[in-house]
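**Student:** Provided below are the primary sequence and the corresponding predicted coordinates.
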Number of protein chains: 2
Amino acid sequence: MIRTRLLVASLSMLSLGIARAEAIPDNIKEQAIALRDNAMQESIAYDVVESLTMEVGPRSAGSTGDAAAVRWAVEKLKSLGFRNVHTDEVVVPHWDRGTLDVRITAPYPQSLVATALGGSAGTPAEGIEAEVVRVESLAELRALSQEQLQGRIAYVDHVMERLKTGAGYGVSTRIRSCGHVVAAERGALATIIRSAGTSSHRVAHTGSMRANNVPGTIPGIALANADADILTYAVQTGERVTVRLHSSARDLPQAMSANVVGEVPGQGELAKEVVILGAHLDSWDLGTGAIDDGTGVAIVIAAAKLILDAEESPRRSIRVVLFANEEFGLSGAKKYAQAHANSVDQHVVGLEADFGPGAVWKFSSQVAEDALDIVTELHQLLEAIGIELGDNKSSGGADLGPLRKAGMPVLGLSANGTYYFDYHHTADDTLDKVDRDDLNQNVAAYVTTAYVAANIERNFGRLPLDTSEKTCAPEFD
Amino acid sequence: MIRTRLLVASLSMLSLGIARAEAIPDNIKEQAIALRDNAMQESIAYDVVESLTMEVGPRSAGSTGDAAAVRWAVEKLKSLGFRNVHTDEVVVPHWDRGTLDVRITAPYPQSLVATALGGSAGTPAEGIEAEVVRVESLAELRALSQEQLQGRIAYVDHVMERLKTGAGYGVSTRIRSCGHVVAAERGALATIIRSAGTSSHRVAHTGSMRANNVPGTIPGIALANADADILTYAVQTGERVTVRLHSSARDLPQAMSANVVGEVPGQGELAKEVVILGAHLDSWDLGTGAIDDGTGVAIVIAAAKLILDAEESPRRSIRVVLFANEEFGLSGAKKYAQAHANSVDQHVVGLEADFGPGAVWKFSSQVAEDALDIVTELHQLLEAIGIELGDNKSSGGADLGPLRKAGMPVLGLSANGTYYFDYHHTADDTLDKVDRDDLNQNVAAYVTTAYVAANIERNFGRLPLDTSEKTCAPEFD
């Protein structure tokens, strides 16, 4: 059905020649602007993230907090008046970080602030004590021989770059998820990395160390930046540096969690089509999950709520999906895409919020070429709130990945990530890091975009199927 | 001897009438300015604080780190060429914080980031679980009845004010050291306070809870600010809030530590007189003691070293004293004053560095009235590095307190404290918080002041004896 409409639209545009019609009619633009400007005055989003962080707090996959978050989300969506509120059960891995003790034992004994990486194996009960071999990159680690690493602890000391785009995180996560694989191949007993974060505070940065859900065979831990400085200082004295690790991290049996869904129903012939607004409900266990991804949850709920409360229903349905277990394997995203494999074409476009509460500065997309004029016109509505136009290479976000790979176009609203990695995945991810004005600017951007996507006659086409997979092989570095 | 000289100086000034001579001769001013400007280019201070934090790290009274710090200091002072380097043994209390677990159990279960306050009692092994009664001040706590607090946990939720002077800390430390006394009198089982600090990071602020070294009878803990927000949110819902505490904090047998002393010997008839440059060698156990008081140690060592390396010896001796256990009862300061009770008059003036590495913005004093012209002239040398003139009410610092109370005048160089309490007494007190330029500006201020004090003919008179003691009685609030 959608493909037919797309063809019709394309033909009608062709017949218009250079005098192509506006992609977004004026009445839709006016309504979108009204919603946008209204969003800047609201407190819905802040109230939602406050409630989630204060009443639920940490909610890592499989934990009691995770279950509490699912109950919270159902109740919250219902109390806000969303329709078709329901859960879709998802099996999730359940990893417990246990306790961790890390200390330099020579030449300068000192305890270090560290955290086990998600999915790390624990140490034997008596711990691991070994010499540290320091490198600054994954390439340097790959260049080490068995002889150089055997029986030792690999220390990858890469300093993450602070960037508005957050692009420095890619290099760091590659080290996090593949460093231990490379080190284990060379006989290392454990891997220590400098936190994949920019914080100068004594909080270490966790995150999954599992590439493609393959369990790590050796413990993987991250040091807070200040503690990486201490270890590096010791190594740079030229003396033999030994570290002792005790970790009781372990896998528990898989657990049940759920995607939580609520809708703003469409009206008329396009009502079966869906504009998806996604965020993830789970968080890491160290903080209260305010910016990752409490604000995402709050932004998509608040944006949808504004449309829900408008006088007229949208033409397409707007579906808020709060995904289970993004952090430790994208369980909810995969489950959703599988469960909707037969109706994926009804998902006309997706929009995800999972980059914290910094003000949105860029609007990008990954849509069919002939829908780019919609993106350009949509951007004109976002320019007034400080958003520039990006390219057509947006990933759309991790949770929308499986749907995008199945052909769903995505729109991307990039939050300013300059300070995001000061808090992300650390104990510092708490409510006080959320700026109300920036949060509302996000809601304004999301409501504008979602409203237009749900109401215009045309859509964003489809994307080619994508079956690529990335592994820890060097060619993907 | 000093009193006689002072009398002579006063008489000679009187005889000069209004045409009073300059307090600081031009040649001394010129040399002081040269030292001051040279200090801004040096790396001594940074090297010292780097070495102390990286090679020793945490060094709370009685710990192995404390003993390592004493060895480090002796070696550092000797290697820098100081004379008469020696230790003066000091008996110190030895408290161990053990482990701490704090969580809200109802209505919204959540783990909280907290730290035991220095000197806290532990909980019974099974922990303490009780209802929380929240107040915002010590006055509100005093107003509670036995009935209101009996069997409950007192929560004093005072938000420390961020100020350049650090003055907000006074209110907060009063709560820290007396809150548990007031609460215990009313039957409370434990005291929780919001951290006496301004950090928005997930690091709680420790510090002594013992007023006048009287052990606390109930556990006292501090929550990180974000965690106090969580507890306050729960209380403000109006529901009954319960918290569970487990703490294994305990007192260990007293231990031996030491004041570490090194000198720049004076030359000539004033050589027996001493200008004291003080800082404390101990730190709390959570951070590496970079700003409290690693930078103080670095500043006084670097300032004295610049004078040591000058062509001519100073007239008075400059004595660097690195005091033992400032944090948990001023053991070193008291011991020094006792040991020098008979020679206290030889200590012509003292200068302490114990407020972090922020740039010095104010020069104040507590000297005899008729020496204020020296202070005013000295200030003219400090104005060029951004320092204003304060009043004549400087405390001179905690470690110089016993000497000041015994009559020794003090000079005070106030560092900018705006950000000091973001790090102070927390795990975040690490080297990366030290700005090299601000640190060197401190060295410049201290070397200027110390050089002048050590070389001018006149001195700063004496202060009246002070035998006052402050207790937890309400009149001292």
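**Tutor:** Received the coordinates, thanks.

**Student:** count of residues packed around the closest residue to A:A445 other than its chain neighbours?
**Tutor:** What sits nearest to A:A445 in space, not counting adjacent residues and going by CB to CB, 6 or more residues apart in numbering or on different chains, is A:V360, at 4.4 Å. For the C-beta atoms, the positions are set from N, CA and C on the backbone; glycine is no exception. Close neighbours of A:V360, defined as other CB atoms under 10 Å in any protein chain shown, add up to 26.

**Student:** in contact with A:V360, which residues?
**Tutor:** For A:V360, the contacting residues are A:L382, A:I385, A:G386, A:I387, A:L413, A:S414, A:A415, A:N416, A:Q441, A:N442, A:A445, by CB atoms under 8 Å, 6 or more residues apart in numbering or on different chains.

**Student:** return the distance of the residue nearest the centre of chain A relative to A:D282.
**Tutor:** The C-alpha lying nearest the average C-alpha coordinate of chain A belongs to A:D354 (CA atoms, centre = their mean; 4.4 Å). To A:D282, A:D354 is 11 Å away according to CB to CB, to the nearest Å.

**Student:** and if you look at A:A234?
**Tutor:** Taking CB to CB as the measure, A:A234 and A:D282 are separated by 36 Å.

**Student:** tell me how far stretch A:274-291 lies from the chain's centre.
**Tutor:** Computed by CA atoms, centre = their mean, to the nearest Å, the separation of stretch A:274-291 from the middle of its chain amounts to 8 Å.

**Student:** returning to what we had before: for the contacts of A:V360, give me JSON lines that also has neighbour count, pLDDT and secondary structure.
**Tutor:** Written out in JSON lines, the entries for those read as follows (neighbours: other CB atoms under 10 Å in any protein chain shown; pLDDT from 0 to 100; DSSP: H, G, I helix; E, B strand; the rest coil):
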{"residue": "A:L382", "neighbour count": "22", "pLDDT": "98", "secondary structure": "helix"}
{"residue": "A:I385", "neighbour count": "19", "pLDDT": "98", "secondary structure": "helix"}
{"residue": "A:G386", "neighbour count": "13", "pLDDT": "98", "secondary structure": "coil"}
{"residue": "A:I387", "neighbour count": "22", "pLDDT": "98", "secondary structure": "coil"}
{"residue": "A:L413", "neighbour count": "25", "pLDDT": "98", "secondary structure": "strand"}
{"residue": "A:S414", "neighbour count": "21", "pLDDT": "98", "secondary structure": "strand"}
{"residue": "A:A415", "neighbour count": "27", "pLDDT": "98", "secondary structure": "strand"}
{"residue": "A:N416", "neighbour count": "20", "pLDDT": "97", "secondary structure": "coil"}
{"residue": "A:Q441", "neighbour count": "26", "pLDDT": "98", "secondary structure": "helix"}
{"residue": "A:N442", "neighbour count": "29", "pLDDT": "98", "secondary structure": "helix"}
{"residue": "A:A445", "neighbour count": "28", "pLDDT": "98", "secondary structure": "helix"}
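
**Student:** how is chain A carved up into domains?
**Tutor:** Recorded structural domains for chain A (assignment: automatic domain parsing) are A:2-95+A:253-455, A:98-248.

**Student:** how far does the last one stretch from start to finish?
**Tutor:** Between the opening and closing residues of domain A:98-248 there is a gap of 5 Å (CA to CA, to the nearest Å).

**Student:** establish whether that domain and chain B are in contact.
**Tutor:** Yes: where contact is defined by CB under 8 Å from any CB of the partner chain, part of domain A:98-248 touches chain B, namely A:108-111, A:113, A:199-203, A:225-226, A:229-230, A:233-234.

**Student:** tell me which of those residues fall in helices.
**Tutor:** Among the residues of domain A:98-248 next to chain B, the ones falling in helices (DSSP state H) are A:N225, A:A226, A:D229, A:I230, A:Y233, A:A234.

**Student:** from what I can see the fifth one touches B:S51, true?
**Tutor:** Read it as A:Y233. No: with contact defined as CB atoms under 8 Å, A:Y233 and B:S51 do not form a contacting pair (9.4 Å).

**Student:** low pLDDT regions in chain A?
**Tutor:** Scanning chain A for pLDDT under 70 picks out the ranges A:1-20, A:212-215.

**Student:** returning to what we had before: ok, what's across the strand from the residue nearest to A:A445?
**Tutor:** When bridges are taken as DSSP bridges, the partners of A:V360 come out as A:A415.

**Student:** cool, the one 4 residues further on as well?
**Tutor:** Partner residues in beta bridges with A:S364, using DSSP bridges, are A:G412.

**Student:** what's the spacing between A:A398 and B:E469?
**Tutor:** Relative to B:E469, and taking CB to CB, A:A398 is found at 62 Å.

**Student:** higher neighbour count, those two?
**Tutor:** Each of A:A398 and B:E469 had its neighbours counted (other CB under 10 Å), and the higher figure belongs to A:A398 (16 against 7).

**Student:** that one contacts A:A353, doesn't it?
**Tutor:** No: at 11.6 Å, A:A398 does not count as touching A:A353 under the criterion of CB under 8 Å.

**Student:** what sits against A:A61?
**Tutor:** For A:A61, the contacting residues are A:92-95, A:255, A:257, A:282, A:324-325, A:327-329, A:331, taking CB under 8 Å, 6+ apart as the criterion.
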